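**Q** Here is my input; please provide its structure:
(4 chains)
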Number of protein chains: 2
Amino acid sequence: MTEPKPETVAAWTSLVTAGRVVLDHIESALKQAGLPRLDWYDALLEIERAGDEGIRPFELKDRLLLPQYGMSRLLERMAKAGLLAREGVAGDRRGQIVRLTQKGRQVRREMWPVYAAAMMRRVEHRLTQEEVVELTRLLRKLSRS
Amino acid sequence: MTEPKPETVAAWTSLVTAGRVVLDHIESALKQAGLPRLDWYDALLEIERAGDEGIRPFELKDRLLLPQYGMSRLLERMAKAGLLAREGVAGDRRGQIVRLTQKGRQVRREMWPVYAAAMMRRVEHRLTQEEVVELTRLLRKLSRS
DNA sequence: CTCTGGTAGATGCAGTTGCATTTATATGGG
DNA sequence: CCCATATAAATGCAACTGCATCTACCAGAG
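**A** This is a model prediction of the structure:
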């Protein structure tokens, strides 16, 4: 059995740690401001991008890397909060189409400055522009299927 | 309000995505093998490192970045599974000392090859040695307090 | 000694997640 | 048309998490 190099273990450890630290930082800024969590933001953004056409939950779950039941329940809670509307889709009676409400767009807009400020404090202010670009390149090599 | 640069957003997005993808990969390998999840491994490793002396839960929670109640319940479950023992500590009757049992050491040893193989597939085989080192350096700049 | 404030750890409750399964519908083969 | 198989989404239940609070103990000030 081949062992991973110590540098590989260090890289994985720092990936997990950095992810956790930055995530905690952003989440606590949002909570501080009385706003929803980041998973709601991600969903709001993705649905908003779909525009008037809307988007199907099964597409959404792939983009957000959520399990099917997780997506189902997230949409359920966000709908209850009035941030989105779900309608049946013509041509497939199993499915539904999700669209943001006005309130959904507004909440996403309110979250953005808080999210952005936290991201800048944790990422932009700590790395040079070249480092940011290089980091992105390396991380993408890890998630490519 | 200053906006983050698009490259910053891309870096943050790829950090979250890479963390999720690699984590999912490792978790599913462990589950496949009928082994406990990664948070148990992390705890097992940290406790094993403490050796005969053992370690206090409040130190452990800092190293593992867990909230106090999360640590408390994780130790409770792992103790119930027979992987660790908790004893009172001389000189502070509020506290306790945690040590691995033989079974705890064994389970950690069984988890390692599965964990290591998944890590190598996802990290070591996708980056050059220089890239791994550079990635670690950049990520550490993000989590430094 | 007693009081006050602090630290270690546990816990009740509500909300969330994971897993397996269910419901409803679609689609292709015979 | 009928069936077997596949897909979209929801759901019951058990486990887990977050939040606030609680219990037990410690340590220093007066």
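
**Q** same for the longest strand along chain A, what does it pack against?
**A** In chain A, with assignment by DSSP state E, the single longest strand is strand A:92-100. Packed against strand A:92-100 by the contact rule (3 or more C-beta pairs under 8 Å, 6 or more residues apart in numbering or on different chains; DSSP states H and E) you find helix A:38-50, helix A:57-64, strand A:84-89. No exception for glycine: its C-beta is placed from N, CA and C like everyone else's.

**Q** ok, now with 6 Å
**A** Applying 3 or more C-beta pairs under 6 Å, 6 or more residues apart in numbering or on different chains; DSSP states H and E, we find strand A:92-100 packed against helix A:38-50, strand A:84-89.

**Q** quick one: the biggest helix by length in chain A near DNA strand C?
**A** When chain A is parsed with DSSP state H, its longest helix is helix A:6-32. No: Helix A:6-32 stays clear of DNA strand C (C-beta under 7 Å from any atom of the strand), getting no nearer than 11.8 Å.

**Q** buried ones in that helix?
**A** Going by neighbour count (16 or more other C-beta atoms under 10 Å in any protein chain shown), the buried part of helix A:6-32 is A:7-12, A:14-19, A:21-23, A:25-26, A:29-30.

**Q** same thing with stretch A:54-68?
**A** So for stretch A:54-68, counting by 16+ other C-beta under 10 Å, buried means A:54-55, A:57, A:60-61, A:64, A:66.

**Q** rewinding a little: columns distance to DNA strand D on top of the helices and strands packed on strand A:92-100, output as JSON lines?
**A** What follows is the helices and strands packed on strand A:92-100, written out as JSON lines (distance: least, C-beta to the nearest atom of the strand, whole Å):
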{"stretch": "helix A:38-50", "distance to DNA strand D": "12"}
{"stretch": "strand A:84-89", "distance to DNA strand D": "6"}
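
**Q** Tabulate the ones you listed (CSV), appending mean pLDDT and mean neighbour count.
**A** Below are the helices and strands packed on strand A:92-100 laid out as CSV (pLDDT from 0 to 100; neighbours: other C-beta atoms under 10 Å in any protein chain shown):
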stretch, mean pLDDT, mean neighbour count
helix A:38-50, 97, 18
strand A:84-89, 95, 14
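
**Q** quick one: the residue nearest the centre of chain A from B:M119, how far?
**A** Centroid check for chain A by C-alpha atoms, centre = their mean gives A:D42 as the closest residue, at 3.4 Å. Remark: distance between A:D42 and B:M119 (C-beta to C-beta, to the nearest Å) = 26 Å.
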